Every structure is written in C-alpha cells, then in structure tokens.
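Asks: Fold the following and give me the result.
(chains A, B, C and D)
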Number of protein chains: 2
Amino acid sequence: MKVAYEVVKARRDQLAQLLAEHQYLPLAEVCTRLGISEATARRDLTALERDHAITRTYGGAVGDYNRRFDSFRERLAQSADAKRRIAHAALELIKPRTVLYLDGGTTVHAVADALAIGGPRPLTVVTNNLMVAERLSDVDGIELNVLGGQYLRRQAVILGPKAQTSAKLWRYDLALFGAEAISARGLWNTQADVVAVERTVAKSTKSTVFLVDASKLGASAPVFLLPWTDIDKLVTDASADVLAHAGIVLPNRSLVTC
Amino acid sequence: MKVAYEVVKARRDQLAQLLAEHQYLPLAEVCTRLGISEATARRDLTALERDHAITRTYGGAVGDYNRRFDSFRERLAQSADAKRRIAHAALELIKPRTVLYLDGGTTVHAVADALAIGGPRPLTVVTNNLMVAERLSDVDGIELNVLGGQYLRRQAVILGPKAQTSAKLWRYDLALFGAEAISARGLWNTQADVVAVERTVAKSTKSTVFLVDASKLGASAPVFLLPWTDIDKLVTDASADVLAHAGIVLPNRSLVTC
DNA sequence: ATTTATATGATTGACTCCAATCATATAAAT
DNA sequence: ATTTATATGATTGGAGTCAATCATATAAAT
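Replies: Below you'll find the predicted structure:
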C-alpha cells in the first residue's frame, strides 16, 4: 500500500541515523528495528546509497558517517615506505617535554603514527590536522591541542586567518613541516592558506624541520614557503648527492638522510 | 603449506590497514587484493575480529578505525526523540547569514544533525565539538570553524584556556548551548572547563539559547553556569507547568516548548 | 468520486556466502 | 634428518541474500 511521502522520508532518515550510530547493520536487523519487510528495507538501503548517505554491503549496509579524510588517506598511501623511514628519523629529533607542532601534510602524519606507538614522553603536541589529532589523542603522555579556524574536510585540516591567529597562542620548541616541492631556492607548497599557517608557526618556533621524501625533488608547486636559510633541518630519503645535483646544498648539521 | 609467522602477521596488518582505508571490503576484494583464497581471507578476518581490530559482516568486513566517539554516541541515544524535537524547534530560531555557535553537548548535536539535512543557508558555524564539525563540514552553504585548544577525545570536544582565547576570535549572532541540569537559580553543568568556554562564548554572542530536555529537570550538576536572566531563550520539551512546579518561571517570549 | 501513481510485502529462481572437512606443503621443533 | 605443528586451498552441503515480478492498498492528482 502506498504511504505518505513524509513517512518514507522520515523512516529513511531514521535508518541513516541508525547506521551512523551502529556503523554496520545486517538486513534482518534493519527489518526488525524499523518494522518493515526485507523488500522495503532493501529499497530504503538502495535509495540511501544513491544519495551517498550509506554504503551497501552484502547482507546489510555501512554508514558513511565516518568516511571522512578519504582523499587524505589515499595520499597517505603514496611513498608510504619512504614516509615511514623519514618519520622514524624525525623521531630522534624530538626530546621529552617539548612543545611540538605537527603540520597538516601526509609525511608528517607518518610521524604521528610513529609517535602513537612510542617515543619521547611527555609531549605537548599542537596540530592543524584532525587525523593527526585523533591518532595522538588519548595517548598516554601526550597532551594534544588543535588550532582553531576553518575546517576543511577534504584535507582534514584547519586553515584560514583564524588558524594563523590561533597558531600564535603557542610557543613551539620544534615544528615539523612537509612540503610539496623543493628546489635550489627553497621549499614550496600548493596552497597559499596552508603556507600562511606554516609561516606563522615558523615564526614562533625555536626549531624548524622539514620532512620531504625524494619524490618531491622533481616536483613543482606554486607557492613559495621558505628559503633553505630559514630552516634548521631537512629530513629526507634523498641522498646528499642527489640533492646537490638539484642545486640544493645544505650544511651537514642541517641534513638528516635515511 | 605452512608459512612463516611473520608473513601471516604482516598480511593481517595490511588487511587491517586496508579496512581502515576502505571502511568496508567484500570478501572477494580481500582475496584479490591480498592474493589469497577465500578460506584464508575468512581466517584472517576472524583473527582480526578476535583482536577487535575489525568487525566482520556477512560477506566482508568493516574497519573499526573510526569507532572513536562511541561513548559520545551512547549519550546521543539517550532521550534521542526529545532531542530531535528540541533540535527542530531550535532550527526555527536560526536565520540565514548568522554566525552560529554550537556547544559541545549531545542535545546540541541533534541540531547539527538537523542542519545537515536542511535549514537556513548560508551559515557560519563555530563549534568546539569535533563530531558536530564533521557532521557539518562539506555541507553546502555552511562554513565550518572549530575552536582551538586541547582536544579531549572521550567527549570529542576542545577545551582549556586556549579554547577560551580562541572563542573570542569570533562574534556570534546566536549561541546554542546544552546543560546537564536546571534549577530555579539557573543552568548547571558538570565540568568546570566546559563551563569556562561556554561563559566565554556567552559573553560575545548577541543571543544565548539553551536546549534542555525534560530529563535534566530533576538532575543535579556541580558547576553553576548562568542565571535565567542571562539567557534569551530556553527550548525544551518540558511544559511551562512542569517548569513552574520546579520554580522555573520564564517570560513567554523566552520559552519555546515542543 | 474517479483515476493515476506508487509504496509495500510476498514469492521465486539464481546467486553468494559460510562452516566444516580434508589433503598438502612447509615452517618450526626435536 | 625426522617429526610435529600449522597455514593454506579446494570441496561441499546448507543457509542466506538478491533482483525481478506481481498483486494490493492507499496517497496524490484530476
């Protein structure tokens, strides 16, 4: 029997809500919870999937509520091995009791991964990346802070003028940044507002360290970030020779190779 | 054929990672991605489920990576119906182009749920609750901002002195708060640092509105928040009679019942 | 009031998934 | 080197799931 449009809509909203809460529900559960037949449950699920509210699975469905950071995660997978090695090298630079800033990029996220498993404690960590925040929140010995500002879900980062203002609320001992490209002149990134926050942080940190994997050497990016003279260390998997060949020459104490 | 223990472990780690990235994977996909038979895939999945790394589903599995806000979600379920009705009443108070603050509590989260589906646009939303943030990020017509400060994963909120400072970066047209208890004297909450942020926001908003479901009437909470005279509106499912019986009398224009 | 559109539940045959069982290859132990 | 333990893939019967189809009841349109 036909039923009022609003009734259907309300039920589907409720179903989306249920899936958001339970993450996964088998079809039979959907039927009993909503008091509907399998046929209707299936139809509701396919409708919700068409609207990108859920993902169907064989025998049930999964809520999309939590599928954030998808594009960020894909980038995490790129050069994952190099990032891991760089991250472990970077861990050596972190002393207990430091106030540590972790940048929003994927390379720096690998440091968060490593820090979550173990490393110097206690630490005060500040970040503008919410994936980093969640990786390190609830880790014993780490006090986790986030910048305020506009939240951009795609990149899982907080940016904008308010983020710059809020970045000035802390004094950092050590800031770890990523970059999209490096050249003889210095470090580059793709987004102006990302660079704006990074520069603000760089101004109030005692030590500035960049983590850059070798794939960024040939790359190019539109926004200039910092000249080599402004950074304290570069951690990379590229050898000093390769760097020199690209016109990048750093004093020995500034280069950490892995 | 038996295979080295480490090989198995590495493969299962990879599988967990895969599920964290993809949220859901059907069994066949697991097989092809890892190059293993169904039987082994099943065995890997049951092993991972035993370790609480994933959740099995019929025909595949779901990653648990994102099951962080569980305790918050449980509280969301309490008086869910009343909260939904209150939220819809609160929606009426929001005009397009306002700068809206959304408090960290569960009742206010229901407003975010409602706003995500539809409501006045455009809006600038500021919140200290990361679940609210994620609900409303990437919604067309809503610019989403978060406070900076210490991130407490359990409650999914940002608190502390930095949060207060950062709250002052905005001028709010309307602030929606929740409270844990109400009495003749006013509104109460359980945590001092939550109240501290709420008071800071209350000082820089044109209009202060509280959303409180009837179950909070008999409740008690240790930290005093605000007297009734400091708020502009109370949205509740409790009737004026019941409120009066508890010694709470508000002018008509300040009370929204639903 | 009559017609049209559609939301629902039941049925069905094809398809998929699952747990149990078995044979086998190979790592680990002796 | 031999034995033991176990990780793997194949098979199979049983159970569960799916898409398609149909009849029906009722909301919405006329």
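
Asks: Just give me the neighbour total for A:Arg185.
Replies: By the measure other CB atoms under 10 Å in any protein chain shown, the count of residues near A:Arg185 is 12. In short, each C-beta sits where N, CA and C put it, glycine included.

Asks: Chain neighbours aside, what residue packs nearest to it?
Replies: Using CB to CB, 6 or more residues apart in numbering or on different chains and skipping residues adjacent in sequence, the residue nearest A:Arg185 is A:Pro227, 6.5 Å away.

Asks: how about stretch A:249-258: buried residues?
Replies: Neighbour counts over stretch A:249-258 (16 or more other CB atoms under 10 Å in any protein chain shown) mark A:Leu250, A:Leu255, A:Val256 as buried.

Asks: Show me which of those residues is closest to DNA strand C.
Replies: A:Val256 (34.6 Å; CB to the nearest atom of the strand).

Asks: The helix or strand where that closest one lies: partners in the sheet, and parallel or antiparallel?
Replies: Using DSSP states H and E, A:Val256 falls within strand A:255-257. According to DSSP bridges, strand A:255-257 forms sheet pairs with strand A:233-236 (parallel).

Asks: Pull the residues that contact the partner strand.
Replies: By CB atoms under 8 Å, 6 or more residues apart in numbering or on different chains, the list of residues contacting strand A:233-236 from outside reads A:86, A:89-90, A:93, A:207-214, A:228, A:243, A:250, A:253-258.

Asks: Can you tell me which of those residues end up in strands?
Replies: Of those, the ones assigned to strands by DSSP state E are A:Ser207, A:Thr208, A:Val209, A:Phe210, A:Leu211, A:Val212, A:Leu255, A:Val256, A:Thr257.

Asks: List the contacts of the last one.
Replies: It stands for A:Thr257. By CB under 8 Å, 6+ apart, A:Thr257 lies in contact with A:Thr236, A:Asp237, A:Ala238, A:Ser239, A:Ala240.

Asks: Mind doing that once more with 7 Å?
Replies: Applying CB atoms under 7 Å, 6 or more residues apart in numbering or on different chains, we find A:Thr257 in contact with A:Thr236, A:Ser239, A:Ala240.

Asks: again, but for the third one
Replies: Residues in contact with A:Val209 (CB under 7 Å, 6+ apart) are A:Ala90, A:Leu93, A:Leu174, A:Ala175, A:Leu176, A:Asp232, A:Lys233, A:Val235.

Asks: Mind checking which of the residues you listed are buried?
Replies: Among the contacts of A:Val209, those buried by neighbour count (16+ other CB under 10 Å) are A:Ala90, A:Leu93, A:Leu174, A:Ala175, A:Leu176, A:Lys233, A:Val235.

Asks: Pipe those residues into JSON lines and attach distance to B:Arg43 per row.
Replies: As requested, those are arranged in JSON lines below (distance: CB to CB, whole Å):
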{"residue": "A:Ala90", "distance to B:Arg43": "37"}
{"residue": "A:Leu93", "distance to B:Arg43": "41"}
{"residue": "A:Leu174", "distance to B:Arg43": "44"}
{"residue": "A:Ala175", "distance to B:Arg43": "45"}
{"residue": "A:Leu176", "distance to B:Arg43": "40"}
{"residue": "A:Lys233", "distance to B:Arg43": "45"}
{"residue": "A:Val235", "distance to B:Arg43": "40"}
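
Asks: Mark which of those are part of helices, please.
Replies: A:Ala90 (DSSP state H).

Asks: For DNA strand C, state which of the buried ones among the contacts of A:Val209 is nearest.
Replies: Using CB to the nearest atom of the strand, A:Ala90 is the member of these that lies nearest DNA strand C, at 32.3 Å.

Asks: pLDDT score assigned to the closest one?
Replies: pLDDT for A:Ala90: 97.

Asks: try A:Thr46
Replies: On pLDDT, A:Thr46 comes in at 89.

Asks: Next up, phi/psi of it, please.
Replies: phi -70, psi -40 (degrees, to the nearest 10).

Asks: which ones are touching the residue lying closest to it once chain neighbours are set aside?
Replies: Spatial nearest neighbour of A:Thr46, excluding adjacent residues (CB to CB, 6+ apart): A:Arg56 at 6.8 Å. The contact partners of A:Arg56, by CB under 7 Å, 6+ apart, come to A:Leu45, A:Thr46, A:Glu49.

Asks: What separation is there between the residue of the stretch 101-250 of chain A at minimum distance from DNA strand D and B:Phe210?
Replies: Of all residues in the stretch 101-250 of chain A, A:Ile117 sits closest to DNA strand D, at 24.3 Å by CB to the nearest atom of the strand. Applying CB to CB, to the nearest Å, the value for A:Ile117 to B:Phe210 is 43 Å.

Asks: Of these two, which one has the most company?
Replies: Between A:Ile117 and B:Phe210, counted using other CB under 10 Å, the more crowded position is B:Phe210 (28 against 8).

Asks: Get me the contact residues on chain A for chain B.
Replies: A:13, A:21, A:23-24, A:26, A:55, A:57-60, A:62, A:66-68, A:73, A:130, A:133-134, A:137-138, A:143-151, A:153, A:158, A:162, A:165-166, A:169 (CB under 7 Å from any CB of the partner chain).

Asks: Give the buried subset of these as a ChimeraX selection command.
Replies: Here is the ChimeraX command that picks out the buried ones among the residues of chain A next to chain B, judged by 16+ other CB under 10 Å:
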select /A:13,21,23,24,55,57,60,62,66,67,68,73,130,133,134,137,143,144,145,146,147,148,149,150,151,153,158,162,165,166,169
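
Asks: picking up where we left off before, out of the contacts of A:Val209, which one sits closest to chain B?
Replies: Of all the contacts of A:Val209, chain B sits closest to A:Ala175, with 15.8 Å by CB to the nearest CB.

Asks: quick revisit: buried members of the contacts of A:Arg56 into ChimeraX, please.
Replies: Filtering the contacts of A:Arg56 down to the buried ones (16+ other CB under 10 Å) takes a single ChimeraX command:
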select /A:45
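
Asks: can the contacts of A:Arg56 go into a markdown table with extra columns for distance to A:Ala80?
Replies: Shown next, in a markdown table, are those (distance: CB to CB, whole Å):
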| residue | distance to A:Ala80 |
| --- | --- |
| A:Leu45 | 34 |
| A:Thr46 | 35 |
| A:Glu49 | 30 |
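
Asks: ok, which of the contacts of A:Arg56 also contact DNA strand D?
Replies: Restricting the contacts of A:Arg56 to those near DNA strand D by CB under 7 Å from any atom of the strand leaves A:Thr46.

Asks: any idea how far B:Ala4 is from A:Ala202?
Replies: According to CB to CB, A:Ala202 stands 46 Å off from B:Ala4.

Asks: more neighbours, these two?
Replies: Each of A:Ala202 and B:Ala4 has its neighbours counted (other CB under 10 Å); A:Ala202 has more, 19 against 8.

Asks: What lies in contact with the helix or strand hosting that one?
Replies: Using DSSP H and E, A:Ala202 maps to helix A:192-203. Here helix A:192-203 makes contact (CB under 7 Å, 6+ apart) with A:101, A:103-104, A:128, A:159-160, A:163-164, A:167-168, A:172, A:175, A:177, A:189, A:208, A:223, A:225-226, A:230.

Asks: For that helix, which residues meet the burial criterion?
Replies: Residues of helix A:192-203 classed as buried: A:Asp193, A:Val194, A:Val195, A:Ala196, A:Val197, A:Glu198, A:Thr200, A:Val201, A:Ala202 (neighbour count, 16+ other CB under 10 Å).
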